[in-house]
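A.B. asks: Show me how the following folds:
(one chain, ligands or ions: 2)
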Amino acid sequence: MLRFYNTPSHLYEPFAPIASGTVSIYTCGPTVYDYLHVGNWSSYVRWDILVRTLTLSGYNVNRVMNITDVGHLVSDEDEGQDKMVKSALKHKKTAWELARYYSDDFMAGMDKLHLVQPQHITKATDFIDEQLTFIRELKDKGVTYQIDDGIYFDTAKFPNYASFARLDLEHLKDGARITPNPQKRNPSDFALWKFSPKHEKRDMEWDTPKDIVEGTSKKGFPGWHLECSAMILKKLGKTIDIHTGGIDHIPVHHTNEIAQSETLTGKPLAHYWLHNNFLLVNGTKVSKSLGNSILLSEIEKKNIDLMAFKLFVLQSHYRTESNFTWENLVAANNRLNNWASIIERKWQVNTTSTSDSKVSVALASALDALQQDLDTPRALIHVEEALRYIETRGLEASPEDIMEVEAFIQNGLGLYLHSSDITAGQKLTIKERADARKKSDWKTSDHLRDILKNQKILLKDTDEGQIWSRLQ
Ligand code: AMP
Ligand code: ZN
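C.D. replies: Ligands and ions are numbered 1, 2, ... in the order given. All right, here's what the predicted structure looks like:
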């Protein structure tokens, strides 16, 4: 049975979807003003495991992920420049060019990491009409107001505003969270639509419809929180099963999504809210100014398999803080290579060997670990248990067992091992070496072993025969 830790209740809750057999999921996607760093990617690796766990548990998944290409301001609270505009100025590109470039890079990264593609990937700029309709309906409900720089949601009109994140609104009033905009009615009020700054031509701006704006029509752009609410409503409906994001989204972004969506529909936005904790780099927060925002390309440049990064992420639970260091990544890479060397036995073992039930039991425990709030560290232990059972059987291990473990590593954990059979020539060399050893011709045997070693094939002599593995 699946259980998830639900952020608003702070409890583990058994999972039951709205429609039996299908699970609707919304994942807050990246703001495409720059390359994603390892912290961002760790978040998407976590939600990849969620999708895989649900799929292995027999559910169909219908998942939407947005791409924020407009409206996410430097502060999450509607202050400062639009991140896209700031970056476009720096790179001497238009915001549209920048969005295209970094979205493409994000999609390429998803492929490289073998992250399951959401059924819908939706860009904020493709949902402008839906966002304007959303504002119009909120306006009709009397929960919006207009000030000089935009149209805002009046959070005092949503009585449960503080409950999701257990916010201390009195404290907020002191300005602890937000640099107060003196025109806002409440410090927690947030922009649904920002007006383009006077005398500034933005690359991304739209007419504010006359029935929404008071006074003369102005150009504007949507506030960051609105896109998610509008996309969820359009693509998935009023209430979804699972909403995911990083813990940084709890107090502002998700709180605001809930306020606007639930005011509009009168229904809960999501039944389960899952939030990933943060990845640190060398024990500190990932930040451009500290120069520690490591990219996937840097891992690739060091010739480290990106699957090792994924394994590194899975070694910690999604709700605990994790720490990226190059040493940790190299250790994960070694662990992965070790797994691959056992899986490579599928081409070597006795094809008539029968399965060992202990392997299936270990894999069932691994799936159970994932089903218990995505306990990936425990799942890895059970996978390793299964691999050990295979390893100890040497060439008597069953090929079905090996393939079963490989399938779980791939489908459950999303780890694609690079393993391939050796060539016919290399197989012949191994056979010749076996013949030499039978004749106690150690010189030839050593020579043939060295030939293979030069080809990065390592031989291990066991009672049943030689076992090869690839040297990394
Ligand atoms: P952003 O593009 O800033 O909206 O971030 C994309 C996703 O990455 C969000 O879900 C964030 O919560 C998440 N995120 C940002 N930094 C980290 C980090 N250091 N560790 C884990 N997740 C992060
Ligand atoms: Zn969102």
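A.B. asks: ok, now which ones touch whichever residue of the stretch 201-350 of the chain sits closest to ligand 2?
C.D. replies: Closest contact between the stretch 201-350 of the chain and ligand 2, by Cβ to the ion, is at Cys228 (3.2 Å). All C-beta spots, glycine's among them, are computed from the backbone N, C-alpha and C. Taking Cβ atoms under 8 Å, 6 or more residues apart in numbering, we find Cys228 in contact with Tyr26, Cys28, Asn66, His253, Glu257.
A.B. asks: So the first one: helix, strand or coil?
C.D. replies: Under the three-state scheme (DSSP: H, G, I helix; E, B strand; the rest coil), Tyr26 adopts strand.
A.B. asks: from now on call the first residue 877
C.D. replies: That works, and once the first residue is 877, the last one we named lands at Tyr902.
A.B. asks: Count the residues that sit near it.
C.D. replies: 28 (other Cβ atoms under 10 Å).
A.B. asks: Can you tell me how far it is from His990?
C.D. replies: The spacing between Tyr902 and His990, counted by Cβ to Cβ, to the nearest Å, is 21 Å.
A.B. asks: so Asn1143 is in which element?
C.D. replies: No Asn there; residue 1143 is Lys. Counting by DSSP states H and E, no helix or strand carries Lys1143.
A.B. asks: and Gly1290, that one's in a helix?
C.D. replies: No. Residue state for Gly1290 (three-state DSSP) corresponds to coil; a helix is not indicated.
A.B. asks: Okay, now the unreliable bits of the chain?
C.D. replies: 952-953, 1048-1055, 1164-1165 (pLDDT under 70).
A.B. asks: Walk me through the domains of it.
C.D. replies: 891-1152, 1186-1287, 1300-1346 (automatic domain parsing).
A.B. asks: Just put the ones you listed in JSON lines and tack on distance to Leu1172.
C.D. replies: Converted to JSON lines, these look like this (distance: least, Cβ to Cβ, whole Å):
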{"stretch": "domain 891-1152", "distance to Leu1172": "5"}
{"stretch": "domain 1186-1287", "distance to Leu1172": "11"}
{"stretch": "domain 1300-1346", "distance to Leu1172": "24"}
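A.B. asks: which residues in the stretch 1027-1176 of the chain form helices?
C.D. replies: Using DSSP state H, counting those that start in this stretch, the helices of the stretch 1027-1176 of the chain run over 1045-1049, 1100-1107, 1131-1141, 1172-1177.
A.B. asks: What's the first helix or strand after the last one?
C.D. replies: The element immediately downstream of helix 1172-1177 (helix or strand, assigned by DSSP H and E) is helix 1182-1190.
A.B. asks: near ligand 1 at all, that next one?
C.D. replies: No. Helix 1182-1190 does not reach ligand 1 (Cβ under 6 Å from any ligand atom); its nearest approach is 9.3 Å.
A.B. asks: name the helices or strands packed onto that helix?
C.D. replies: helix 914-932, helix 1172-1177, helix 1202-1219, helix 1252-1268 (3 or more Cβ pairs under 8 Å, 6 or more residues apart in numbering; DSSP states H and E).
A.B. asks: Kindly calculate the angle that that helix makes with helix 914-932.
C.D. replies: 80 degrees (axes from the mean of the first three to the mean of the last three Cα atoms, to 10 degrees).
A.B. asks: got the angle between helix 1182-1190 and helix 1252-1268?
C.D. replies: Counting by the same axes, to 10 degrees, helix 1182-1190 lies at 120 degrees to helix 1252-1268.
A.B. asks: Give me the contacts around helix 1182-1190.
C.D. replies: 914, 917-918, 921-922, 925, 988-990, 1155, 1172, 1175-1176, 1198, 1200, 1204-1209, 1211-1212, 1252-1253, 1255-1256, 1289-1294.
A.B. asks: Any figure for the gap between whatever residue of the stretch 1177-1326 of the chain ends up closest to ligand 1 and Ile1011?
C.D. replies: Residue of the stretch 1177-1326 of the chain nearest ligand 1, by Cβ to the nearest ligand atom: Ser1198 (8.0 Å). From Ser1198 across to Ile1011, the span is 38 Å (Cβ to Cβ).
A.B. asks: thinking again about what came up before, right, so the helices and strands packed on helix 1182-1190: which one is the most enclosed?
C.D. replies: The highest mean neighbour count among the helices and strands packed on helix 1182-1190, using mean count of other Cβ atoms under 10 Å, belongs to helix 914-932: a mean of 23.
A.B. asks: Indicate whether it makes contact with ligand 2.
C.D. replies: No. Between helix 914-932 and ligand 2, judged by Cβ under 5 Å from the ion, nothing touches; the nearest distance is 12.1 Å.
A.B. asks: okay, the angle between that helix and helix 1202-1219?
C.D. replies: 30 degrees.
A.B. asks: Heading C-terminal from helix 914-932, find the next helix or strand.
C.D. replies: strand 936-943.
A.B. asks: can you tell me which residues contact the residue of the stretch 1027-1176 of the chain found nearest ligand 1?
C.D. replies: Nearest to ligand 1 in the stretch 1027-1176 of the chain, going by Cβ to the nearest ligand atom, is Gly1122, at a distance of 1.9 Å. Contacts for Gly1122 were tallied using Cβ under 8 Å, 6+ apart; they are Cys904, Ser919, His1151, Asn1152, Phe1154.
A.B. asks: interface residues of the stretch 1027-1176 of the chain facing ligand 2?
C.D. replies: Cys1104.
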